[in-house]
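>>> what follows is a protein structure lacking sequence information:
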Ligand SMILES: C[S@@+](CC[C@H](N)C(=O)[O-])C[C@H]1O[C@@H](n2cnc3c(N)ncnc32)[C@H](O)[C@@H]1O
C-alpha cells in the first residue's frame, strides 16, 4: 500500500488542489445545508443498513470531512475502523479523537498515481502514455477488512489527477477517458473483494433558472447492473450557481451493496 508518511515531501497536496478541494466541500455544505442534508442522511442510512450484519474491521475510503459517515454508530458496531483519505482536515481529526477504535490513514486511494503524476512535472512536455505510467498501479491495504465503504469517492479519484495531467502533459482525450475508466474499474474491483457498499454520484444534471433540465453529463463509467441491492436519489448539489456560473448542478446518486439490506 502507498502510505504517504511525510506528505509535504512526497507529494505537494496543495499543488494538486486537494487543500482547496477540502475547504470547498465545507463552504458548499454551509451554503447548501438543507439540500445536502437529504443526501447525507440517505448516505448514512444506506451505510447503517448495509453494515448491520457485519462487525470486526471496517475500512472507509474517502472519509474526507466525515459529513456523510455515521461515525458514532459505526464505532460501536465495529471493533476497529480505518478512515482513508488523501487529506484529513483538522475538524475530521478532532472528531475522530473522541473514539479510541478509529484511525486516520493518509493514503492515495488510486494506489500511488498522484505521486507518479507529480513526478511528471519535472519531465514537462514529454509524450504522455497512460500504459507506461499508471496501468500497473493498484491500491492495496495491509488490513484484512470485514467490510469496506466507498464513500462518495468513485468519480473523485480521477478529477484532480486528470486536471493536473492536462496542465503538465500532452495527455490526449483518448488517454484521459482510458485513465478515468481504469481508475473507476480498479476501485470497484478492490472493494468487490470484500463485503462492501458504495455510494457515488454518477451523473450531473444541469438546470436553468426556471428549474428546467438543460443537460446531463455522466461522471461514472462502470455499471452496477449486477447489484441486487441498490438505491438512487437526487442530490441538489449546487443551487447557487457557484459550481458552474450559468446553471444549477444536481447529482444522480447511486448506492449499492453486496450485503442484504
Ligand atoms: C466528495 S469527497 C467525499 C465526501 C466525504 N466523505 C466528506 O464527507 O467530505 C471526496 C473525498 O475524496 C478524497 N480523495 C480524492 N481523491 C483521492 C485519492 N486519490 N486518494 C484519497 N482520497 C482522495 C478527497 O480528499 C475528498 O475527501
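That came through fine. Remember, predicted model here, so these are calculated numbers, not experimental data.

>>> just list what the host helix or strand of residue 115 packs against, helices and strands only.
Following DSSP states H and E, one finds residue 115 within helix 113-120. Counting contacts by 3 or more Cβ pairs under 8 Å, 6 or more residues apart in numbering; DSSP states H and E, helix 113-120 packs against helix 130-133, helix 159-168. In this view, the C-beta of every residue, glycine as well, is placed from N, C-alpha and C.

>>> change it to 6 Å
helix 159-168 (3 or more Cβ pairs under 6 Å, 6 or more residues apart in numbering; DSSP states H and E).

>>> around the ligand, pick out the residues from the stretch 51-200 of the chain.
Within the stretch 51-200 of the chain, the positions adjacent to the ligand are 62-68, 85-87, 108-110, 114, 151-153, 156-157 by Cβ under 6 Å from any ligand atom.

>>> off-centre distance for the helix holding residue 115?
Distance of helix 113-120 from its chain centroid, counting by Cα atoms, centre = their mean, to the nearest Å, is 18 Å.

>>> show me what counts as buried in that helix.
For helix 113-120, burial by neighbour count (16 or more other Cβ atoms under 10 Å) applies to 113, 114, 116, 117, 118, 120.

>>> out of these, which one sits closest to the ligand?
residue 114 (5.7 Å; Cβ to the nearest ligand atom).

>>> touching, that closest one and residue 108? I think so.
Yes: counting by Cβ atoms under 6 Å, residue 108 is a contact partner of residue 114 at 4.8 Å.

>>> low pLDDT regions in the chain?
Residue ranges of the chain with pLDDT under 70: 1-22, 121-127.

>>> let me know the outermost residue of it.
What lies farthest from the middle of the chain is residue 210; by Cα atoms, centre = their mean that is 30.9 Å.

>>> so that residue belongs to a helix, correct?
No: judged by DSSP: H, G, I helix; E, B strand; the rest coil, residue 210 forms no part of a helix; its state is coil.

>>> hey, where'd the strands end up in this structure?
For the chain, the strands defined by DSSP state E cover 57-61, 80-85, 102-106, 147-151, 196-207, 213-218, 229-238, 248-257.

>>> the fifth one vs strand 57-61, what angle?
This points to strand 196-207. Counting by axes from the mean of the first three to the mean of the last three Cα atoms, to 10 degrees, strand 196-207 points 20 degrees away from the direction of strand 57-61.

>>> and strand 196-207, what's buried?
Buried, per 16+ other Cβ under 10 Å, within strand 196-207: 196, 197, 198, 199, 200, 201, 202, 203, 204, 205, 206, 207.

>>> let's have those in JSON lines, adding distance to residue 58.
Shown next, in JSON lines, are those (distance: Cβ to Cβ, whole Å):
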{"residue": "196", "distance to residue 58": "10"}
{"residue": "197", "distance to residue 58": "11"}
{"residue": "198", "distance to residue 58": "14"}
{"residue": "199", "distance to residue 58": "15"}
{"residue": "200", "distance to residue 58": "18"}
{"residue": "201", "distance to residue 58": "22"}
{"residue": "202", "distance to residue 58": "24"}
{"residue": "203", "distance to residue 58": "28"}
{"residue": "204", "distance to residue 58": "30"}
{"residue": "205", "distance to residue 58": "32"}
{"residue": "206", "distance to residue 58": "36"}
{"residue": "207", "distance to residue 58": "37"}
